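>>> Fold the following and give me the result.
(one chain, ligands or ions: 2)
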Amino acid sequence: MSKNAWLKYEDSQLADINAFSEGYKKFITDCKTERECVRESIKLAEKEGFKDLKAYIREGKALKPGDKVYISNMEKAIALFVIGSRPLEDGLKILGAHIDSPRMDLKQVPLYEDAEMALFDTHYYGGIKKYQWVTLPLAIHGVVVKKDGTVLNIVIGESEEDPVIGVTDLLIHLSGAQLEKKGAKVIEGEDLNILIGSMPLKGEEKDAVKANILNILKDKYDVEEDDFLSAELEVVPAGKARDYGLDKSMVMGYGQDDRVCSYTSLLAILEVKETDRTCACILVDKEEIGSVGASGMHSKFFENTVAEMLALTGEYSELKVRRALSNSHMLSSDVSAAFDPNYPAVMEKKNSAYFGKGMVFNKYTGSRGKSNSNDANPEFMARLRKIMEDNQVSIQTAELGKVDEGGGGTIAYIMANYNMEVIDSGVAVLNMHAPWEITSKVDIYETYKGYIAFLREI
Ligand code: MN
Ligand code: MN
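Ligands and ions are numbered 1, 2, ... in the order given. So this is what the prediction gives:
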């Protein structure tokens, strides 16, 4: 087995790893929704001189080698590019990851009162073990869009003065029957209701607690009950990402699947000054529910953007769009399951990802006969091995658990449809899809270095 990546660093170099993880912790603390990730990505990109590609498209302004541009897709996905000296039809060097994470979304008609308590009804998003989401301090992040089109950005539960909310659980004293249930049924989806209030509005006869909440929503946020019909409000764990472990070697935070790969990919492309072939970084939405929808990887957004860029370099043709895509190379990045000594039974030790062993490559994900996996080409993997070795990036390879155990998907197979070389890669995580996920700081750093090497050398 490969050497632990921590061991190759001198004490003086540890400051770089720590500095990088400070930036990362801030990113995942501030960005708990797709929209927040897109907004922050634009902010960081503009600081590095990236310009809005939509302005180029509007004005028909020519794209030149060295230009750095970004384009937001409905403010829920984003693509960034550094234009290369070679024509786009020679293909792109692409980093991709997803910025949506499991959570509970408010239903369209969420607010109700029961037993003189006010609650929000939710529909969970992505795969969660529901019993993990009760008795935790939760926050609401998202938008409410008024009928006139005004978008209200809402964050409740993150600042010290803010209240938190949450889902209650049954006391142990009365849990005899509940604890006999299967894990999947201990807490059921329809019961993920968020307690948000208990104080009645004076002088109100019916649903006075709900009425009081509606008053607060109106006064503080200008939100009326009907406005929930056009809202995207996500209930997520409240609080900051933290150092984890007595040695502070790890990060605990919400939404590291897949913002750990998103942040590292983003920072890698922000580092690119000049390039032969065009570099791209795409951060997409909806991976956790099948990459569907206009902001998911299945959408035509990326393909359309490549067509627009060909037009802006004076090179557009349908054939060149197809060539640009099929000549591309991509690291499709998503988290891997880290080996957990508490649960060795589901893992096969030789082919598992470990904390401290660096960036993970998954030739294939899928399960049970590699079904639905993007089985990457060994020729591509061989080039990546060489690049990572030349750049002293620690890498490891892994599958997601034992052969017949489970499995999961990513966005790799969707991009492979364009006939490009693509492989799954990323960072190992413990507690995947739990409210608080754990990663290793050195793995995050190795992965960031791996992305930089990829963009430079593939
Ligand atoms: Mn993921
Ligand atoms: Mn996931």
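>>> So Ala345, which state does it fall into?
Recorded secondary structure, Ala345: helix (DSSP: H, G, I helix; E, B strand; the rest coil).
>>> Against which helices or strands is whichever strand or helix holds Phe302 packed?
Here Phe302, judged by DSSP states H and E, is contained in helix 301-312. Secondary structure elements in contact with helix 301-312, counted by 3 or more CB pairs under 8 Å, 6 or more residues apart in numbering; DSSP states H and E, are helix 53-59, strand 77-82, helix 318-326. Every residue, glycine included, has its C-beta placed from N, CA and C.
>>> give me that answer again for 7 Å
Applying 3 or more CB pairs under 7 Å, 6 or more residues apart in numbering; DSSP states H and E, we find helix 301-312 packed against strand 77-82, helix 318-326.
>>> Which among the ones you listed is found nearest to ligand 1?
Across the helices and strands packed on helix 301-312, ligand 1 has its closest neighbour in strand 77-82 (14.4 Å, CB to the ion).
>>> which residues does the most centrally placed residue in the chain contact?
With distances taken as CA atoms, centre = their mean, Ile99 lies nearest the centre of the chain, 2.7 Å away. Listed by CB atoms under 7 Å, 6 or more residues apart in numbering, the contact partners of Ile99 are Glu34, Cys37, Arg259, Ser262, Leu283, Val284, Asp285.
>>> try 8 Å this time
Cys31, Glu34, Cys37, Val38, Ala77, Asp258, Arg259, Ser262, Leu283, Val284, Asp285 (CB atoms under 8 Å, 6 or more residues apart in numbering).
>>> out of everything not next to it in sequence, what's closest to it?
Distance criterion CB to CB, 6 or more residues apart in numbering; nearest residue to Ile99, sequence neighbours excluded, is Cys37 at 4.0 Å.
>>> One more: Met252?
Tyr244 (4.0 Å).
>>> give me every residue that touches that neighbour.
Taking CB under 8 Å, 6+ apart as the definition, contacts of Tyr244 comprise Met250, Val251, Met252, Ile438.
>>> Spell out the secondary structure type for Cys177.
No, residue 177 isn't Cys; it's Ala. Reduced to three states by three-state DSSP, Ala177 is helix.
>>> pLDDT score for it?
Note for Ala177: predicted pLDDT of 97.
>>> and the helix holding Phe302, what's its mean pLDDT?
Helix 301-312 comes out at a mean pLDDT of 98.
>>> which residues are contacting that helix?
53, 56-57, 60-63, 71, 73, 77, 79, 81, 83, 88-89, 92, 278, 282, 294-295, 316-317, 320-321, 324-325, 418.
>>> buried residues in it?
Going by neighbour count (16 or more other CB atoms under 10 Å), the buried part of helix 301-312 is Phe301, Phe302, Thr305, Val306, Ala307, Glu308, Met309, Leu310, Ala311, Leu312.
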